[in-house]
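**Student:** what's the 3D shape of this:
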Amino acid sequence: MELTPINVPGKRRRGAEAAGVASREKKTKSKSSRQKSREEKLPARIEYMPLEILEKIFLLSKNINLPLSSPAIGRRLSKELTRRDFFILAFESTWCRSFGVEVDKNGDTLPIDDPELQSDLLKQPFANITFILMCWDRFVAKFAQSQIAEGKPFDKKHMTLWGDPDDERNVRVTPEDGILINPKKASDCFWHDYAAFRRIELMDIHSLEWFTRERLINDITPKPRPPLQVHSEVRIPDSLLDPSTWNEEAFQKLFWLVRGGARLSPDQTWEVTLPAFHHIAPLPSRRSNKVNLVAMRLFDCLEVYDYWPRHIIHEELRKWDFEKHLSDYAAGEHHRRGLPRPALYEPPEVTDPKSFYVGQRLAESILRWFYRRWGFGLVVSWVTRHNL
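**Tutor:** A predicted model of the protein is given here:
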């Protein structure tokens, strides 16, 4: 016969015993997960390193993303002095070469600066024209001190190739007539060039007409280029190619880049620059007072129009050629420059110098387009048989 089980009070059943084991395991797991989460919240060791060591790592690594790795590191590396030293380090070799220095103190060839690093720095909000010129002043001051310490004079000249701001017609100054760089305020050379560059917007009708004709006659002659202040492959920030976002400081930064040797990147095509052109030179009319001549001149220095599709250039020239013979005149001037014979076309009477300047720049770009593809001889023979 079966025995009747007796339940003794206080004794655990088999099911309750299993439940107790699971409860103990759960408590153990929750304790270990809490400990793990606390460990994850601990800052990385680099975050509480001494600032001197952290800055040294930042400068030697040339890693622009280091300040973005954590808010704590970003705060510690956001001082203006640290940013200035990092910026100078990224451009140092390029700037040394602009003074004709190719080797360091040990006689080793200077390394080539990284164009990607320079491009990334130029996109940063803090890298405005004031900051850039402050870095340039600091670099030149240290460079001059090192030259003097070695017993060499600091007698570097700045090539004033952008004209004379005090001349009514902004006549170009030859490289031999450059100005001495002041090691205590080297940025004065930039402001000299910027004032000369903007002189075009202060010209009266007669001076602007003279300047336009002078450009048309002498534009194809080779001109000396100032030493590079940026790597030749540096990328101009896309925001600087959008005139709708420009203020005075942004335009000055774009001028500094173009003046320093920056050029358009392969992907910054006519699809980017044509809307910008329409903004600085609105749909033409007989009253073209809204043309931004300074921006037009800067875009011309960037050779923006030279790389447009030919049908685009023709279409824009058709809109701006109010005189109806600007293309012929430009072709005749190129023909005259290439052959020892008079020009084929008489200079037209200019009734609107601003429109003539815009159209003349477009006409020049068409001829340069042919030069690049066919060479001078074929262009001359083509010009004698056709109108542009």
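**Student:** for this structure, just list every one of the strands.
**Tutor:** 157-158, 179-180 (DSSP state E).
**Student:** quick check: closest non-adjacent residue to Met134.
**Tutor:** Arg84 (6.6 Å; CB to CB, 6 or more residues apart in numbering). Yep, even glycine has a C-beta here, placed from its N, CA and C like the rest.
**Student:** sorry, that was for Ile132
**Tutor:** Nearest in space to Ile132, with sequence neighbours left out and distances taken as CB to CB, 6+ apart, is Trp256 at 6.3 Å.
**Student:** likewise for Ser239?
**Tutor:** Take Ser239 and drop its neighbours on the chain: the residue closest to it by CB to CB, 6+ apart is Thr245, 5.8 Å away.
**Student:** what about the one you found, neighbour count?
**Tutor:** Thr245: 10 surrounding residues under other CB atoms under 10 Å.
**Student:** for Phe58, what are its contacts?
**Tutor:** 66-67, 77, 82, 86 (CB atoms under 8 Å, 6 or more residues apart in numbering).
**Student:** give me the pLDDT value at it.
**Tutor:** pLDDT for Phe58: 89.
**Student:** going forward, count from 21.
**Tutor:** With 21 as the first residue, the last one maps to Phe78.
**Student:** tell me how many other residues surround the residue nearest to Ile152.
**Tutor:** Taking other CB under 10 Å as the neighbour definition, Trp276 ends up with a count of 21.
**Student:** ok, so what distance separates it from Tyr214?
**Tutor:** 8 Å (CB to CB, to the nearest Å).
**Student:** count the neighbours of Glu335 for me.
**Tutor:** Using other CB under 10 Å, Glu335 is surrounded by 12 other residues.
**Student:** got it, and the one 4 residues further on?
**Tutor:** Other residues lying near Lys339 total 15 when counted by other CB under 10 Å.
**Student:** I'd say it and Leu303 touch.
**Tutor:** Yes. Contact criterion CB atoms under 8 Å: Lys339 and Leu303 qualify, at 7.4 Å.
**Student:** would you turn the contacts of Phe78 into TSV with neighbour count, distance to Pro247 and pLDDT?
**Tutor:** Output for the contacts of Phe78, formatted as TSV (neighbours: other CB atoms under 10 Å; distance: CB to CB, whole Å; pLDDT from 0 to 100):
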residue	neighbour count	distance to Pro247	pLDDT
Leu86	17	31	89
Pro87	18	31	88
Leu97	20	31	88
Thr102	17	28	92
Phe106	21	23	94
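**Student:** report the two of those residues separated the most.
**Tutor:** Farthest apart among the contacts of Phe78 by CB to CB are Leu86 and Thr102. That separation is 10.9 Å.
**Student:** so for the nearest residue to Gln272 once chain neighbours are set aside, what's the pLDDT?
**Tutor:** Once flanking residues are discounted, Gln272 sits nearest to Ile149: 4.4 Å by CB to CB, 6+ apart. With respect to pLDDT, Ile149 scores 96.
**Student:** Ile149 touches Leu274, doesn't it?
**Tutor:** No. Ile149 lies out of contact with Leu274 (CB under 8 Å); the separation is 9.3 Å.
**Student:** tell me which of these two has more neighbours.
**Tutor:** Comparing Ile149 with Leu274 by other CB under 10 Å, the one with more neighbours is Leu274, at 23 against 20.
**Student:** re the thing from before, the residue nearest to Ile152 and Phe210: what is the separation?
**Tutor:** Distance of Trp276 to Phe210, computed by CB to CB: 7 Å.
**Student:** joint contacts of these two?
**Tutor:** Shared contacts of Trp276 and Phe210, defined by CB under 8 Å, 6+ apart, comprise Leu153.
**Student:** so what's Ile384 scoring on pLDDT?
**Tutor:** One thing to correct before we go on: residue 384 is Glu, not Ile. Looking at Glu384, its pLDDT stands at 75.
**Student:** can you pull out the low-pLDDT segments for the protein?
**Tutor:** 21-22, 28-63, 187-197, 224-226, 229-246, 304-309, 342-371, 387, 389-408 (pLDDT under 70).
**Student:** switch the cut-off to 80
**Tutor:** 21-66, 68, 123-128, 180-198, 221-247, 303-310, 338, 340-377, 379-381, 383-408 (pLDDT under 80).
**Student:** what's in contact with stretch 66-75?
**Tutor:** 77, 90, 92-93, 96-97, 102, 105.
**Student:** at 6 Å instead, please
**Tutor:** 92-93, 96, 102 (CB atoms under 6 Å, 6 or more residues apart in numbering).
**Student:** in helices, which of those appear?
**Tutor:** With helices taken from DSSP state H, the overlap with the contacts of stretch 66-75 comprises 92-93, 96, 102.
**Student:** which of those residues lies closest to Phe111?
**Tutor:** For those, the nearest to Phe111 is Thr102 (15.6 Å; CB to CB).
**Student:** against Gln167, how distant is the closest one?
**Tutor:** 26 Å.
**Student:** what does Pro247 give?
**Tutor:** Taking CB to CB as the measure, Pro247 falls 16 Å from Gln167.
**Student:** ok, now Gln249?
**Tutor:** To Gln167, Gln249 is 18 Å away according to CB to CB.
**Student:** and those two? Which one has more around it.
**Tutor:** Gln249 (20 against 17).
**Student:** nearest residue to that one in space, please, no chain neighbours.
**Tutor:** Closest to Gln249 by CB to CB, 6+ apart is Gly280, at 3.3 Å.
**Student:** where's the one you found relative to Val250, distance?
**Tutor:** Distance from Gly280 to Val250, by CB to CB: 5 Å.
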